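> Give me coordinates for this.
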Amino acid sequence: MQIHIFRGPGRIFGFTSHAAGENLPQKYAPWTAFKAIELRRGETTPGVDADECLDDIQTYGVHITDAHARITEEAIR
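The predicted structure follows:
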């Protein structure tokens, strides 16, 4: 699955399947496009747990990290 990565403030990163990042939480805006990657379950991807990221995107539409630590549920509140 192609995932678009956006950078927020500090070490916040947002992962989404939406190329424009319109579904990323506003509390960490402004978001800046960083890069797009292909994620596959069970494959090692530097800087992100692919399975955890894809699970969050399936459940919440986004995956949010702070310094590589998952904060998705906190971010969408």
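> max-length helix in this structure?
Longest helix in the chain, counting residues (DSSP state H): helix 50-60.
> How much space separates Glu43 from His68?
Shown here: Glu43 relative to His68, a distance of 17 Å by C-beta to C-beta, to the nearest Å. To be clear about C-beta, it is placed using only N, CA and C from the backbone, and glycine gets the same treatment.
> what's the answer for Gly47, then?
For Gly47 relative to His68 (C-beta to C-beta), the value is 6 Å.
> okay, and the common contacts of the two?
Common contacts of Gly47 and His68 (C-beta atoms under 8 Å, 6 or more residues apart in numbering): none found.
> now what about whichever helix or strand Phe13 is part of, what contacts it?
Using DSSP states H and E, Phe13 sits within strand 12-16. With contacts defined as C-beta under 8 Å, 6+ apart, strand 12-16 is touched by 3-8, 21, 23-25, 28, 31, 34, 48, 53, 56-57, 61-66, 71.
> ok, now stretch 21-28?
By C-beta under 8 Å, 6+ apart, the list of residues contacting stretch 21-28 reads 4, 6, 8-9, 12, 14, 16, 31, 33, 61-62, 64, 75-76.
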